[in-house]
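K.L.:
Need a 3D model of the following:
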Amino acid sequence: MSNPSLFVPGHRGRSRHRVARLAALCIALACAAPALAREAPAPLAFKPYAMETKGNGTIATEEAFLEVPRKHSEPDGPRIRLRVVRLPATGGDGRTAPVVYLAGGPGGSGFGTALGPRWPVFDRVRRETDVLLLDQRGTDFSQMPPECSQSHRFDDAQPLQREAALAALRTTAAACIAEWRKSGVDLAAYTTAESADDIEDLRRAMGLKRLSLWGMSYGTHLALATVRRHGSSLDRVVLMGSEGPDDTIKLPLAADALLADLAVVARKDGFDDLQGSARRVLEALRRQPREGRSSMHDGRKVVIGEYDAQIAIANALGRRSTQRMLPLMLREAEAGDYSLLAGFVLMMRESLGGFRAMPLAMDVASGQSPQRRALVEAQARESLFGDALNFPFPQLADGLGLVDLGDAFRAPLRSEVPVLFVSGSLDGRTPRANAQALLPGFSKGQELLVRGASHDNELWLGHPRIAENIADFLAGRAVKDEALEVPLPVFVTDKSQL
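P.N.:
Predicted structure coming up:
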């Protein structure tokens, strides 16, 4: 909806409206593409590299390092070195565009993802074309900023209070930012827009007409930014667990909906009232915080409050590895045993207390539109978990002085680039609704729904046809399935199963 203040009667008002529209267009174009006059990057020189996987032997690959401007708007300024590992094609007809894998996080390693249990999917895709494992700027082997020496340790003897915790984390984040800046780190270099331009530089350095992209979670957010900025350089895009341009902060009621879905599944393992159990545990902790002793932390004790539990439960909903423990954790807490919940709370507190430069700067820069923030705040008032799903964002970012990419970066996206959206029906981090909202903007978009999959390995490995469909799509063949079923989670019913 247009701003009514721009519609002023008379010629002067119309001119002002025209100028405002022109200014908005200029901002949008600046966000949509970098400067056109850019020096071609030096050609990549790949060297043999033995990639030692975790359980799948040693793979003969190739390694190269790409130098890119720290800021693409300053091509003659300082540079950043990015690592690329190429999995050479073991098949295909040579006509399929090489595919760049983009890891999640932000802060995950593309190279690291291929080392673990997800290797078979990479192995299947390279039967069609080269796969390029890119370590994004600020991650893994690609020149990481130094670790921050500052972190916040929450008091185990006190329940977490939202406002006090937010103030403490904002102080810690500000101290880290000051420390990074003192050591010469330019945090404005760590944005999704800069990383999208890195991908274009990679294409040019390899002398390729087009690349395909394959992203997971935050990697899909980066892929979509690349579609917006460099769509003409892309052949095809696979998005697993989609995070749209304006999806950085999550919708709180998505957690409530997933809890309801898991409640249906949990009945087969004897958990008859998962939603009611969560509600009763939170209500009890609201009245009186309780102490739990975590066996995962050598018997360490922690006092658990309602907000502790809201954060722990909301985040446990995301992945199968934690979903499986959630019903037992709630059942035992209702019975007065808070040991499992204590383990979740301590892990959550530890992860909240520290910051890394790249993920912090990236998330703040992607930000959220005013409409998204208003919707999240409205849903938080209705959600069983309040605003715990996103804590400490978006409030943490306010006043930190970091770059925000603006609403043009977050605007709805329209493209003719073929895109395959792979969605899990039990994904609590990037719910299927994200992909469904994006699909209308892609004239050549289609979805593969994986029923029963969360934001975890079963989205990759739960059915052999997941990899087949991804490989077929990237090779330009028809995707044969619209939906696949993977085994539903089997919930832990006794601590002896842990």
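K.L.:
list the contacts for the residue lying closest to Phe46 once chain neighbours are set aside?
P.N.:
Residue nearest to Phe46 in three dimensions, not counting chain neighbours: Glu62, with 3.9 Å by C-beta to C-beta, 6 or more residues apart in numbering. Placement of C-beta: from N, CA and C, glycine included. Glu62 sits next to Phe46, Lys47, Pro48, Tyr49, Val85, Arg86, Pro88 when contact means C-beta atoms under 8 Å, 6 or more residues apart in numbering.
K.L.:
helix or strand for Glu62, which one?
P.N.:
Glu62 belongs to strand 58-69 when assigned by DSSP states H and E.
K.L.:
Okay, buried residues for that strand please.
P.N.:
For strand 58-69, burial by neighbour count (16 or more other C-beta atoms under 10 Å) applies to Ile59, Thr61, Glu62, Glu63, Ala64, Phe65, Leu66, Val68, Pro69.
K.L.:
could you dump these to TSV with distance to Phe385 and pLDDT?
P.N.:
Formatted as TSV, the buried residues of strand 58-69 follow (distance: C-beta to C-beta, whole Å; pLDDT from 0 to 100):
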residue	distance to Phe385	pLDDT
Ile59	42	96
Thr61	43	98
Glu62	46	98
Glu63	43	97
Ala64	45	97
Phe65	43	96
Leu66	42	96
Val68	40	96
Pro69	42	96
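K.L.:
Go through these and name the one nearest Leu251.
P.N.:
Val68 (34.1 Å; C-beta to C-beta).
K.L.:
Pairing partners for the closest one in the sheet, please.
P.N.:
Counting by DSSP bridges, Val68 forms beta bridges with Ile80.
K.L.:
what residues are up against it?
P.N.:
Counting by C-beta under 8 Å, 6+ apart, Val68 touches Pro41, Arg79, Ile80, Leu82, Arg137, Asp197, Asp198, Asp201.
K.L.:
let's go with 6 Å and repeat that
P.N.:
For Val68, the contacting residues are Ile80, Asp198, Asp201, by C-beta atoms under 6 Å, 6 or more residues apart in numbering.
K.L.:
Secondary structure element for the residue lying closest to Thr61 once chain neighbours are set aside, which one?
P.N.:
In this structure, Thr61 finds its nearest non-sequential neighbour in Met51, 4.6 Å apart by C-beta to C-beta, 6+ apart. Using DSSP H and E, Met51 falls within strand 47-52.
K.L.:
How much space separates Ala312 from Pro159?
P.N.:
Counting by C-beta to C-beta, to the nearest Å, the separation of Ala312 from Pro159 is 12 Å.
K.L.:
Pick out whichever of those two has more residues nearby.
P.N.:
For the pair Ala312 and Pro159, the greater number of neighbours falls to Ala312 (26 against 21), based on other C-beta atoms under 10 Å.
K.L.:
My read is that that one contacts Met348, right?
P.N.:
Yes - counting by C-beta atoms under 6 Å, Ala312 touches Met348, with 5.1 Å between them.
K.L.:
So which residue is dead centre in the protein?
P.N.:
Residue closest to the mean C-alpha point of the chain, counted by C-alpha atoms, centre = their mean, is Tyr218 at 2.8 Å.
K.L.:
quick one: contacts for that one?
P.N.:
Contact analysis of Tyr218 by C-beta under 6 Å, 6+ apart lists Gly104, Gly105, Pro106.
K.L.:
10 Å instead?
P.N.:
Tyr218 makes contacts with 102-108, 136, 192, 241, 243, 248, 359, 362-363, 366, 429-430, as judged by C-beta atoms under 10 Å, 6 or more residues apart in numbering.
K.L.:
Which ones among those lie within strands?
P.N.:
Counted as lying in strands by DSSP state E, out of those, are Leu102.
K.L.:
Give me the subset of the contacts of Tyr218 that lies in helices.
P.N.:
Members of the contacts of Tyr218 lying in helices (criterion: DSSP state H): Thr192, Pro359, Met362, Asp363, Ser366.
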